[in-house]
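K.L.:
one predicted model, sequence on top.
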Amino acid sequence: MPKPLTRIAGSLLLTASAAGLLGACSTDGSAAEADDRPLVLTTFTVLADIAENVAGDHLRVESITKVGSEIHGYEPTPGDLRTASDADLILDNGLNLEAWFAQFVADVDAPHVVVSDGVEVLDITSDAYAGTPNPHAWMSPLNVQTYVDTMVEAFSDLAPEHAEDFAANADAYDAELQQVQDDLVAEVEALPAEQRAIVTCEGAFSYLARDAGLTEQYLWAVNAEQQATPQQVADTIEFVRANDVPAVFCESTVSDAAMQQVVDATDATFGGTLYVDSLSEPDGPVPTYLDLIRHDADLIVAGLTGREVDGT
Ligand SMILES: [Zn+2]
């Protein structure tokens, strides 16, 4: 079993090192090169990328969940808890995104900061989650400017000697967020008013839809359900037919099987895979958060206009 072995190897290494008994591998400088920057742990890959933009090289940033993970109902592993015990700061999204997080942080000592604090929250309007906050606040680049403010404060508490750099990094990143926001709004505004509808698996686009003036329809409210009921499929088919929606979408972290039923029952085509809850691998279509918003905006507009889009 790999886990106990890792633990034993780790403690042997520590003992040997402390006793000065380690052989050649300790004299080649590898120990001296160990990364001693403070460790910031985020709950998912999107937050990690945003945090890296603020931190620059001054902090080590890692995500608990990996690329492609379903993040709402994630179950932390013993390895995650060991990593968290080394963390100097943990960032979570909040707004009930990480259902597993309260128990997780109860078991670790590192301080934690909720990065969505201060954003204007939209509530979920249907299903069992009606009236609770929609957690996907990062799908608005303007909200992410608030996330960035919160990170600057938290990082400056953690490493005050780099506070000026964090603020400067944040200013530069804020300008990029604004540009992505402006491009998104301009792209959607170029569509005929009756084509401004977004149909997805998860109701994850409420903030983006609000920013861009899109009408939103989805199969299920949050991925914790992730199994479309016959009623949800029927409602979505009705919406697509009634609004003559040309393309529908699904997200990278869930199955698109239910949305394919909608495609089969209507004139809509499947417009492609949108990214919300996870980045892609570095060589994939959305290695960064800014890429994620650009990719989704391009794909949505291409689907609604019947235009071809690269890389999908
Ligand atoms: Zn989600």
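P.N.:
The structure has been received and is ready for your questions.
K.L.:
separation between the residue in the stretch 151-300 of the chain that the ion sits nearest to and residue 241?
P.N.:
Nearest to the ion, among the residues of the stretch 151-300 of the chain, is residue 277, at 4.2 Å (Cβ to the ion). C-beta here means a position set from N, CA and C on the backbone, and glycine is covered the same way. For residue 277, the distance to residue 241 (Cβ to Cβ, to the nearest Å) stands at 28 Å.
K.L.:
the more surrounded of the two?
P.N.:
residue 277 (28 against 14; other Cβ atoms under 10 Å).
K.L.:
hang on, that one packs against residue 70?
P.N.:
Yes - taking Cβ atoms under 8 Å as the definition, residue 277 is a contact partner of residue 70 at 7.3 Å.
K.L.:
so what sits against both of the two?
P.N.:
Both residue 277 and residue 70 are contacted by 223, 253, under the criterion Cβ atoms under 8 Å, 6 or more residues apart in numbering.
K.L.:
now do the same contact list for the most centrally placed residue in the chain.
P.N.:
By Cα atoms, centre = their mean, the mean C-alpha position of the chain lies nearest to residue 46, the distance being 3.5 Å. Each residue near residue 46 by Cβ under 8 Å, 6+ apart is listed here: 138, 277-279, 289, 292.
K.L.:
at 10 Å what do you get?
P.N.:
Residue 46 makes contacts with 63, 71, 93, 136, 138-139, 144, 147, 275-279, 286, 288-289, 292, as judged by Cβ atoms under 10 Å, 6 or more residues apart in numbering.
K.L.:
ok, residue 277 next?
P.N.:
Counted by Cβ under 10 Å, 6+ apart, residue 277 has contacts 44-46, 65, 68-72, 74, 93, 97, 135-136, 138-139, 202, 204, 222-223, 251-254.
K.L.:
could you do residue 169 as well?
P.N.:
52-58, 148, 151-152, 155, 162.
K.L.:
before we move on, the earlier item: can you tell me the helix or strand for the residue nearest to the centre of the chain?
P.N.:
helix 45-55 (DSSP states H and E).
K.L.:
average pLDDT for the helix or strand just after that helix?
P.N.:
Counting by DSSP H and E, the element after helix 45-55 in chain order, helix or strand, is strand 60-63. Strand 60-63 shows an average pLDDT of 98 in the prediction.
K.L.:
equivalent analysis for stretch 284-303, please.
P.N.:
Rounded mean pLDDT across stretch 284-303 is 96.
K.L.:
could I get the CA-only coordinates of that stretch as PDB?
P.N.:
Extracted in PDB, the C-alpha atoms of stretch 284-303 (Å, rounded to 0.1, in the frame of the first residue of the first chain):
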ATOM      1  CA  GLY A 284      -5.700  21.900 -23.000                       C
ATOM      2  CA  PRO A 285      -8.100  24.700 -24.100                       C
ATOM      3  CA  VAL A 286      -8.300  26.500 -20.700                       C
ATOM      4  CA  PRO A 287      -5.100  26.300 -18.700                       C
ATOM      5  CA  THR A 288      -5.900  29.600 -16.900                       C
ATOM      6  CA  TYR A 289      -9.000  31.400 -15.600                       C
ATOM      7  CA  LEU A 290      -8.800  34.100 -18.200                       C
ATOM      8  CA  ASP A 291      -8.700  31.400 -20.900                       C
ATOM      9  CA  LEU A 292     -11.700  29.800 -19.300                       C
ATOM     10  CA  ILE A 293     -13.900  32.900 -19.600                       C
ATOM     11  CA  ARG A 294     -12.600  33.600 -23.200                       C
ATOM     12  CA  HIS A 295     -13.200  30.000 -24.300                       C
ATOM     13  CA  ASP A 296     -16.700  29.900 -22.800                       C
ATOM     14  CA  ALA A 297     -17.700  33.300 -24.300                       C
ATOM     15  CA  ASP A 298     -16.300  32.300 -27.800                       C
ATOM     16  CA  LEU A 299     -18.000  28.900 -27.700                       C
ATOM     17  CA  ILE A 300     -21.400  30.300 -26.600                       C
ATOM     18  CA  VAL A 301     -21.400  33.000 -29.200                       C
ATOM     19  CA  ALA A 302     -20.200  30.600 -31.900                       C
ATOM     20  CA  GLY A 303     -23.000  28.100 -31.000                       C
END
